[in-house]
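Engineer: Below: sequence and its predicted model.
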Amino acid sequence: MRHTAVFGQSGSGKSFSFGIVLEELLLKTDARILVLDPNSDYCNFRQLRRVEDVCKDSRREYSSSDHAVVETAWQGMSGQFLRFTRDPTRDGDNKLSLLFSDLRRQEQGDLLGLDPIADAQDYRVFRETIETLGGSYTLQRLMDAVSKPGSMEKFNLLNRISNREIDKLGLWSTPSAVDRLKEDDWKFASFDLRDLWPLERSLVSSAVLKAVYDGVIKSRKVTFIVIDEAHNLCPAVPWAWHQNAPLQILLEIAAEGRKYGAFLMLLTQNPSKLSQQALIQFDNIILMRMVSGAEIQALGAIIPDAGPNLAQKAFTLGKGEAICMGGIVKNETNVKFDLRKTQPGGDDVSKGWAAHRPLVSAPPATPLAAGAAV
């Protein structure tokens with residue numbers, strides 16, 4: 001097995017179709033799946049659709065007895081689904097929260113704006129302080145430790161936390177989502193990043209990726225790491241400092257993860273914005289409908305053996321159709337994704353904004369009385 005990249009413009013059926021791939025992995029293998037979900041596309045993944053709805057969207061034969069087999073298997077995994085969200089409102093949801101100790105030392109320093117060389121004195125105080133807190137600690141414990149009177153250097157750290165509004169981020173709470181992932185009783189875990197700011201998304205993603213990858217190295221348990229809108233976490237050129245942490249972890253997984261059992265599945269509509277350093281490690285390509293000339297041109301560098309007609313092929317694909325290339329097929333193969341059994345998520349922009357609304361005629365003007373002031 002190798003890493004897999006999925007390219008397709010918005011509206012090509014990318015997330016809906018890839019949900020079918022994840023269903024098959026859960027039903028037919030012992031692999032675990034981690035999903036970083038920026039658009040809530042997998043928020044309902046633990047729920048199955050009605051058999052009538054599956055058949056309505058499918059060209060293939062699918063019976064009630066077929067669905068009963070899937071329901072039995074799905075119920076057997078019901079306790080192994082985890083969903084983390086900022087505001088858990090449904091049974092089974094977990095709060096998306098972090099401890100400050102979930103971040104790596106370098107990421108903590110970056111968040112505080114501390115450079116170990118340029119800010120050597122403040123960085124030393126920071127390092128010595130967190131070493132007194134043990135292996136697990138909250139941001140509040142760090143703030144309490146540096147707010148004790150008698151140390152101006154520690155007070156400078158408190159000012160950094162306050163001035164950079166680190167304590168205002170809505171992530172710091174217990175229990176830690178990372179600690180939950182370290183338990184061995186889950187098969188599918190999704191992190192709903194939709195309501196998070198870009199900085200928060202990067203912090204959560206790097207902490208989660210590190211925890212899961214460390215777990216895979218120790219356990220050798222095959223894990224598929226699925227990232228939608230992957231160009232935001234694995235960019236060719238980071239446009240914000242906080243993207244460096246998740247990018248470095250993803251580059252490490254791309255280069256070394258296969259030998260431990262960690263496999264990346266990156267989805268994007270902007271392949272030109274994905275890190276080429278990561279993509280050279282990808283053997284499997286699933287290409288869905290693409291119409292952007294710039295993105296199709298970028299595919300030529302990513303898929304050098306695809307041939308000169310790749311642009312035309314990508315342009316003519318319908319919704320849910322794809323071209324598979326690489327190790328997952330013997331030869332370049334056209335496929336149609338079908339039989340999505342789980343509830344899709346995500347919300348498209350309502351089309352009601354463009355609904356026709358008749359213009360209302362203005363009421364006739366009232367004539368002015370003779371001699372009235374104007």
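Structural biologist: Yes, it's here.
Engineer: Phi, psi for Ser63 please.
Structural biologist: In terms of degrees, to the nearest 10, the main-chain angles of Ser63 are phi -110, psi 170.
Engineer: ditto for Leu266
Structural biologist: Torsion angles, degrees, to the nearest 10, at Leu266: phi -110, psi 130.
Engineer: ok, now which ones touch it?
Structural biologist: The neighbours of Leu266, taking CB atoms under 8 Å, 6 or more residues apart in numbering as the test, are 3-6, 227, 230, 234, 274, 278, 282. Bear in mind the C-beta positions are built from the backbone N, C-alpha and C, glycine included.
Engineer: could you dump those to TSV with secondary structure?
Structural biologist: Formatted as TSV, the contacts of Leu266 follow (DSSP: H, G, I helix; E, B strand; the rest coil):
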residue	secondary structure
His3	strand
Thr4	strand
Ala5	strand
Val6	strand
Ile227	strand
Ala230	helix
Cys234	coil
Leu274	strand
Ala278	helix
Phe282	strand
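Engineer: Run through who's touching the one helix or strand Leu142 maps to.
Structural biologist: According to DSSP states H and E, Leu142 maps onto helix 139-146. Where contact means CB under 8 Å, 6+ apart, the residues beyond helix 139-146 that reach it are 99-100, 125, 129-130, 132-133, 154-155, 157-158, 161, 166-167, 172.
Engineer: what's the closest of those residues to Val216?
Structural biologist: Leu99 (21.2 Å; CB to CB).
Engineer: wait, that closest one sits on Arg180?
Structural biologist: No - using CB atoms under 8 Å, Leu99 and Arg180 do not qualify as a contacting pair, with a distance of 11.6 Å.
Engineer: Same drill for the two, tell me which one is more crowded.
Structural biologist: Higher neighbour count among Leu99 and Arg180: Leu99, with 21 against 17, using other CB atoms under 10 Å.
Engineer: What's the separation between the more buried one and Asp115?
Structural biologist: Leu99 sits at a distance of 24 Å from Asp115 (criterion: CB to CB, to the nearest Å).
Engineer: What of Ala298?
Structural biologist: As defined by CB to CB, Ala298 lies at a distance of 35 Å from Asp115.
Engineer: So those two - more neighbours on which side?
Structural biologist: Just comparing Ala298 and Asp115: by other CB under 10 Å the higher neighbour count belongs to Ala298, 20 against 12.
Engineer: Can you tell me the element the more buried one falls in?
Structural biologist: Using DSSP H and E, Ala298 maps to helix 293-302.
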